[in-house]
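[1] What shape does this take:
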Amino acid sequence: MTKKVGILGIPLGFGAGQTGSELGVNAMRLTRFRGRSLADHIRAGYEVTDHGDAAIVQPASAGDGDNPKHLAEMLASSANIIDELNHLLANDEIPILLGGDHAIAIPTFSAIAAHHKQHGDGEIGLIWFDAHADINTPETSPSGNIHGMPLAVLLGHGNEELVNLCGYAPKLEAKYFAHIGARDVDPGERSQIEKLGLRDNFFTMSDIDKRGMAECVEDAIAIASQAPGGYAVTFDIDMIDPRFAPGSGTLVRGGTTYREAHLALEIIAERGGMRSFEIVEVNPLLDQSNITVELACELILSALGKTIL
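    All right, here's what the predicted structure looks like:
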């Protein structure tokens with residue numbers, strides 16, 4: 001039986017400190033690479049339904065002085081995102097989620113984790129690709145931007161309303177998550193990682209330099225796949241070095257190469273167990289010749305099993 005994929009756009013960009021990531025959704029959806037759209041490429045191996053975009057409640061103000069910023073809009077938008085995702089999951093579709101900034105991981109993973117828990121599959125693991133730790137709380141965040149807080153929220157730390165989406169917390173057990181690619185970690189995040197005993201969950205760029213991407217990804221899969229319900233994957237495009245992915249808002253030099261990023265997702269596809277894939281922080285306003293948008297689309301195909309031969 002052909003597996004089903006459900007594409008959902010989540011054009012939420014107010015979790016970041018600048019505009020543009022909300023435009024990544026349609027940039028990925030509409031761009032044509034190698035002569036076809038993203039959905040048409042996926043149709044080579046899957047039954048595909050594009051569900052359009054989740055409704056996002058836009059902020060009425062800049063949110064200056066608030067921490068977290070735009071909380072009311074985030075909560076309202078999260079409810080819409082969760083509702084849309086529940087439709088995909090009820091239809092046994094593999095969610096392919098197009099962001100948007102990384103704040104979307106709060107409602108997306110909450111919905112996926114709650115669905116699998118309610119249907120008796122047990123807890124879900126998570127592999128998080130990112131140049132940043134994204135484990136700030138309102139107490140440690142230097143900006144108040146929610147896109148720097150999602151991992152903390154899913155682990156049960158931070159704003160209580162966000163933490164308790166879907167009626168329970170935490171959504172993610174620390175023993176079931178792995179983070180790959182970090183190289184820009186705030187002081188408060190360092191303290192949080194140390195306090196929570198999470199160092200072994202992080203495969204930093206230093207680790208990748210020493211051990212290689214393949215070994216680090218295999219170890220990450222070993223952690224996340226201990227979860228009885230499989231694992232989700234969330235991929236921030238800024239994990240990749242700006243030479244290969246300039247179209248993102250928080251670039252950090254010293255990231256992975258084009259091929260290392262593909263290799264990581266090829267290994268995940270080979271091993272199985274992935275329950276959803278999300279790609280975020282693609283900002284076409286900052287892109288050069290559409291290379292980041294096209295790379296993001298190519299990475300989705302690698303996560304779904306496309307290989308060189």
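[2] what's the distance between the residue nearest the centre of the chain and Gly24?
    Residue closest to the mean C-alpha point of the chain, counted by C-alpha atoms, centre = their mean, is Thr234 at 2.7 Å. According to C-beta to C-beta, to the nearest Å, Thr234 and Gly24 sit 14 Å apart. C-betas here are computed from N, CA, C, even on glycine.
[3] And Asp186, by the same measure?
    Shown here: Asp186 relative to Gly24, a distance of 24 Å by C-beta to C-beta.
[4] Where do the strands of the stretch 201-309 of the chain begin and end?
    Under the criterion DSSP state E, counting those that start in this stretch, strands of the stretch 201-309 of the chain are mapped to 202-203, 231-236, 274-280.
[5] So for Gln118, which of these sits nearest?
    Each of these was scored for nearness to Gln118 using C-beta to C-beta, and the closest is strand 274-280 (14.0 Å).
[6] would CSV of the strands of the stretch 201-309 of the chain with mean pLDDT and distance to Asp101 be doable?
    Below are these laid out as CSV (pLDDT from 0 to 100; distance: least, C-beta to C-beta, whole Å):
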stretch, mean pLDDT, distance to Asp101
strand 202-203, 98, 21
strand 231-236, 98, 9
strand 274-280, 98, 6
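[7] So for Arg253, which of these sits nearest?
    The stretch from the strands of the stretch 201-309 of the chain with the least distance to Arg253 (C-beta to C-beta) is strand 231-236; that distance is 15.4 Å.
[8] Helices of the stretch 151-300 of the chain, start to end?
    Counting by DSSP state H, counting those that start in this stretch, residue ranges of the helices within the stretch 151-300 of the chain are 160-163, 187-195, 205-211, 213-224, 258-271, 291-303.
[9] hey, which of those is tucked in deepest?
    For the helices of the stretch 151-300 of the chain, the stretch with the most neighbours on average is helix 291-303, a mean of 22; neighbours defined as mean count of other C-beta atoms under 10 Å.
[10] which of Asp186 and Gly24 has more neighbours?
    Between Asp186 and Gly24, Gly24 has the larger neighbour count (other C-beta atoms under 10 Å), namely 31 against 18.
[11] before we move on, back to that, which one of the strands of the stretch 201-309 of the chain lies nearest to His132?
    Distances from His132 to each of these were compared using C-beta to C-beta; the shortest belongs to strand 231-236, at 7.3 Å.
[12] Distance from the chain centre to the closest one, please.
    The gap between where strand 231-236 is centred and where its chain is centred comes out at 5 Å by C-alpha atoms, centre = their mean, to the nearest Å.
[13] next one: stretch 76-90
    Worked out by C-alpha atoms, centre = their mean, stretch 76-90 lies 16 Å from the chain centre.
[14] go on, stretch 50-57?
    Between the centre of stretch 50-57 and the centre of its host chain there is 17 Å, according to C-alpha atoms, centre = their mean.
[15] looking at the helices of the stretch 151-300 of the chain, which is closest to Ile146?
    With C-beta to C-beta as the criterion, Ile146 lies closest to helix 160-163 of these, at 7.8 Å.
[16] Stretch 2-20 spans what distance, first to last residue?
    Start to finish, the residues bounding stretch 2-20 are 35 Å apart (C-alpha to C-alpha, to the nearest Å).
[17] Name the residues of it that are buried.
    Buried residues in stretch 2-20, counted by 16 or more other C-beta atoms under 10 Å: 5-16, 20.
[18] That stretch - what's its average pLDDT?
    The predicted model assigns stretch 2-20 a mean pLDDT of 95.
[19] Please spell out which residues along the lengthiest helix in the chain are buried.
    Scanning the chain for the longest helix, with DSSP state H as the assignment, gives helix 71-90. The neighbour-count criterion (16+ other C-beta under 10 Å) identifies 71, 73-75, 77-78, 80-82, 84-86, 88-89 as the buried residues of helix 71-90.
[20] quick one: which of the residues you listed is nearest Gly122?
    Leu89 (15.0 Å).
[21] gap between the closest one and Ala111?
    As for Leu89, its distance to Ala111 is 7 Å (criterion: C-beta to C-beta).
[22] same thing with Ala54?
    Taking C-beta to C-beta as the criterion, Ala54 is separated from Ala111 by 11 Å.
[23] Spell out which residues are contacts of both of those two.
    When contacts are counted by C-beta atoms under 8 Å, 6 or more residues apart in numbering, the set common to Ala54 and Ala111 consists of Ile81, Leu85.
[24] any idea which of the buried residues of stretch 2-20 is the one closest to Ala62?
    Using C-beta to C-beta, Phe14 is the member of those that lies nearest Ala62, at 9.6 Å.
[25] Only alpha carbons, please: show stretch 143-158 as PDB.
    Below are the C-alpha coordinates for stretch 143-158, written out as PDB (Å, rounded to 0.1, in the frame of the first residue of the first chain):
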ATOM      1  CA  SER A 143      15.100  38.700  23.300                       C
ATOM      2  CA  GLY A 144      11.800  37.200  24.300                       C
ATOM      3  CA  ASN A 145      11.400  35.700  20.900                       C
ATOM      4  CA  ILE A 146       9.500  32.400  21.100                       C
ATOM      5  CA  HIS A 147      11.500  30.800  18.300                       C
ATOM      6  CA  GLY A 148      14.400  30.500  20.800                       C
ATOM      7  CA  MET A 149      12.200  28.600  23.400                       C
ATOM      8  CA  PRO A 150      10.500  25.700  21.700                       C
ATOM      9  CA  LEU A 151      12.700  22.900  22.900                       C
ATOM     10  CA  ALA A 152      12.500  24.100  26.500                       C
ATOM     11  CA  VAL A 153       8.700  24.300  26.200                       C
ATOM     12  CA  LEU A 154       8.400  20.700  24.900                       C
ATOM     13  CA  LEU A 155      10.600  19.500  27.700                       C
ATOM     14  CA  GLY A 156       8.200  21.100  30.200                       C
ATOM     15  CA  HIS A 157      10.000  24.400  31.000                       C
ATOM     16  CA  GLY A 158       8.900  28.000  30.300                       C
END
